[in-house]
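In: Everything below, folded, please.
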Amino acid sequence: MSTAVDGGGGVATRSQVFAWGLWDWGSAAFNAVIVTFVFSVYLTDAVGDDLPGSVSASSWLGWSLGAAGLAIALLAPVTGQRADATGHRKRSLALLTTIVVGCMLAMYFVEDDHHFLWLGLLLLGVGSVVFELAQVPYFAMLRQVSRPDNIGRVSGFGWAMGYFGGIVLLLICYFGFIVGDGDTRGLFGVSTDGGVNIRAVVVLAAVWFAVFAVPVLFAVPELPPVPRAADGPGFFGSYRVLWNDLRALWTADRNTVGYLVASALFRDGLAGVFTFGAVLAVNVYGIASGDVLLFGVAANVVAALGALAAGRLDDRLGPKTVIVWSLSSMLVTGALLMAVSGPVGFWILGLLLCLFVGPAQSASRTFMARLSPAGREGQMFGLYATTGRAVSFLSPTLFGLFAWMLSSDRAGIIGLLVVLAAGLAALLAVRPPTETSYRAAAR
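Out: Below is the predicted model of the structure:
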């Protein structure tokens with residue numbers, strides 16, 4: 001069964017949609033294994049555990065990721081713009097994905113010794129930058145594999161694939177290489193000497209990403225380039241084009257600018273929920289450290305199911321309705337979470353909170369796709385990435401501020417709720433894209 005595609009993409013089959021979603025499935029290897037649960041923890045708790053000096057490995061990790069965020073903010077819109085202009089979205093996606101996989105493979109050489117911390121931080125920082133840049137052409141391809149009446153379902157399918165891919169890989173890594181005590185770990189009995197078991201996990205994650213990133217490169221056709229000047233601008237000339245386009249966007253479509261600001265705020269709040277979830281689970285609600293990964297798996301399942309269900313609501317009611325409903329529900333749930341104690345309360349309300357994260361993330365992506373002019377999706381999603389990084393300090397800063405002021409990690413939840421509320425308030429002033437405007441933009 002085929003489906004017509006807006007935006008000049010021709011016809012997309014279900015197999016092409018599935019191939020597109022497999023990149024999300026594979027990319028979970030970087031998000032879940034490298035950034036969140038395994039490699040970053042290995043860097044701070046093992047590699048940098050005996051780091052000399054007054055600055056901790058965790059601080060160095062934060063600073064390296066902060067520098068990566070700055071690089072993303074500077075590079076994302078221009079690389080997206082150039083992918084649009086040359087008609088080489090797939091080529092850009094292939095190149096950037098290859099670099100990320102290369103960084104992941106190189107992480108194998110980060111041994112359990114503080115002298116290797118700098119190599120690990122460098123590879124993690126570069127990988128984070130390039131991974132974010134890779135998402136720009138990938139997100140831009142959303143309109144090539146969807147129609148106005150099913151873009152929500154397609155986006156939700158992609159987010160769900162990412163969540164489920166992370167779950168499957170984390171379980172393989174945990175039971176195969178990490179669980180247990182002693183000098184060997186996991187069902188495969190891998191040695192812990194020099195952190196070999198964790199380094200093997202990183203190699204597995206790299207291969208996982210590489211394998212599942214391939215189908216989209218063959219299945220989804222490339223778009224023709226956007227008409228530009230004969231030779232087109234060079235790399236630095238692209239910033240001049242970007243500035244001119246931004247001025248024109250501000251003059252002609254401040255609604256889109258308003259959405260970029262609003263989405264940057266609430267997406268940072270959504271990221272904060274996952275970033276500090278494990279800290280709260282252990283330090284505030286008494287969940288055992290060994291059970292945190294299990295909660296992470298359950299949270300990803302719930303978020304994936306929420307994204308799938310909300311995709312249909314997105315197509316029927318529009319992305320703004322889904323986001324407003326999700327953020328409002330998260331604010332209520334977060335307030336309730338402030339009032340409860342103990343593991344049971346956290347499991348119930350924590351999973352309920354995650355139920356609304358997936359829909360908000362998925363609908364945020366479709367909102368941007370519906371607003372983007374045809375042929376400029378890469379540039380618009382580059383701006384989407386840039387604005388998100390521009391405020392990425394808010395959630396961690398406010399979490400720490402409230403926790404410090406009230407001398408309680410539980411109070412950090414207030415900081416996350418403030419960011420989510422600010423994003424919701426800004427979003428209420430944004431006009432939702434209509435199917436008519438989306439079809440007009442696609443022409």
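In: Give me the most central residue, this structure.
Out: Asn31 (7.2 Å; CA atoms, centre = their mean).
In: Doesn't that residue belong to a helix?
Out: Yes: per DSSP: H, G, I helix; E, B strand; the rest coil, Asn31 lies within a helix segment.
In: Below-threshold pLDDT in the stretch 51-200 of the chain: ranges please.
Out: 77, 80-87 (pLDDT under 70).
In: now the helices: where do they sit in it?
Out: Taking DSSP state H, counting those that start in this stretch as the criterion, the stretch 51-200 of the chain carries its helices at 57-86, 89-106, 117-140, 151-173, 196-219.
In: tally of neighbours for Ala106?
Out: Using other CB atoms under 10 Å, the number of residues around Ala106 comes to 17. In short, each C-beta sits where N, CA and C put it, glycine included.
In: so how far is Pro432 from it?
Out: The spacing between Ala106 and Pro432, counted by CB to CB, to the nearest Å, is 44 Å.
In: out of the helices of the stretch 51-200 of the chain, which comes closest to Ala303?
Out: Among those, helix 151-173 comes nearest to Ala303, with 5.4 Å by CB to CB.
In: hmm, back to that, just put the helices of the stretch 51-200 of the chain in a markdown table and tack on distance to Ser341.
Out: Converted to a markdown table, the helices of the stretch 51-200 of the chain look like this (distance: least, CB to CB, whole Å):
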| stretch | distance to Ser341 |
| --- | --- |
| helix 57-86 | 27 |
| helix 89-106 | 39 |
| helix 117-140 | 35 |
| helix 151-173 | 28 |
| helix 196-219 | 34 |
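In: mind checking which of those helices is nearest Leu43?
Out: Of the helices of the stretch 51-200 of the chain, nearest to Leu43 by CB to CB is helix 117-140, at 4.8 Å.
In: buried set for that closest one?
Out: 117, 119-121, 123-140 (16 or more other CB atoms under 10 Å).
In: Next: stretch 332-342.
Out: Applying 16+ other CB under 10 Å to stretch 332-342 flags Thr333, Gly334, Leu337 as buried.
In: so the last one touches Gly412, yeah?
Out: No: at 11.4 Å, Leu337 and Gly412 do not qualify as touching, with contact defined as CB atoms under 8 Å.
In: returning to what we had before: mind checking the helices of the stretch 51-200 of the chain for the one nearest to Leu280?
Out: Of all those, it is helix 57-86 that lies closest to Leu280, at 16.7 Å by CB to CB.
In: quick one: the closest one to helix 89-106, angle?
Out: Here the directions of helix 57-86 and helix 89-106 differ by 160 degrees (axes from the mean of the first three to the mean of the last three CA atoms, to 10 degrees).
In: what comes up buried for stretch 181-194?
Out: For stretch 181-194, using 16+ other CB under 10 Å, the buried residues are Arg185, Gly186, Val190, Thr192.
In: let me redo that: stretch 99-117
Out: Buried-residue list, stretch 99-117, by 16+ other CB under 10 Å: 99-108, 110-112, 114, 116-117.
In: Would you pull up how far that stretch lies from the middle of the chain?
Out: In terms of CA atoms, centre = their mean, to the nearest Å, the centre of stretch 99-117 is found 22 Å from the chain centre.
In: Any buried residues in stretch 340-351, and which?
Out: Phe346, Trp347, Leu349, Gly350, Leu351.
In: Check the gap between the fourth one and Val207 for me.
Out: Here Gly350 is placed at a distance of 32 Å from Val207 (CB to CB).
In: Tell me, what's the model's pLDDT at Asp231?
Out: We have a pLDDT of 46 for Asp231.
In: quick revisit: just the ones of the buried residues of stretch 181-194 in strands?
Out: Taking DSSP state E as the definition of strands, the buried residues of stretch 181-194 contribute Arg185, Val190.
In: Let's have the buried residues of stretch 181-194 in JSON lines, adding distance to Thr321.
Out: Below are those laid out as JSON lines (distance: CB to CB, whole Å):
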{"residue": "Arg185", "distance to Thr321": "47"}
{"residue": "Gly186", "distance to Thr321": "45"}
{"residue": "Val190", "distance to Thr321": "48"}
{"residue": "Thr192", "distance to Thr321": "50"}
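In: related to what we said a few turns ago, so the residue nearest to the centre of the chain sits against Gly165, correct?
Out: No: the pair Asn31 / Gly165 is not scored as a contact, 9.4 Å apart, by CB under 8 Å.
In: Just the closest of the buried residues of stretch 99-117 to Gly66, please.
Out: Checking these one by one against Gly66 (CB to CB), the nearest turns out to be Leu117, at 16.4 Å.
In: who's in contact with the closest one?
Out: For Leu117, the contact set (CB atoms under 8 Å, 6 or more residues apart in numbering) comprises Leu43, Val47, Gly48, Leu51, Ala57, Trp60, Val110.
In: What about the fourth one, how many residues nearby?
Out: A count of nearby residues for Leu51, using other CB under 10 Å, gives 17.
In: What values do phi and psi take at it?
Out: In terms of degrees, to the nearest 10, the main-chain angles of Leu51 are phi -60, psi 120.
In: try the last one
Out: Torsion angles at Val110 (phi, psi; degrees, to the nearest 10) stand at phi -90, psi 100.
In: Distance of the nearest residue to it once chain neighbours are set aside relative to Val38?
Out: Of all residues not flanking Val110 in the chain, Gly120 sits nearest, at 4.1 Å (CB to CB, 6 or more residues apart in numbering). Here Gly120 is placed at a distance of 12 Å from Val38 (CB to CB).
In: just Arg370 next, same as before
Out: 36 Å.
In: Just want to know which of these two has more residues nearby.
Out: Arg370 (27 against 22).
In: ok, back up a step: please give me every residue in contact with the residue nearest to Val110.
Out: Going by CB under 8 Å, 6+ apart, Gly120 touches Phe39, Tyr42, Leu43, Val47, Met107, Val110.
In: run the last query once more with 6 Å
Out: By CB atoms under 6 Å, 6 or more residues apart in numbering, Gly120 lies in contact with Leu43, Val47, Val110.
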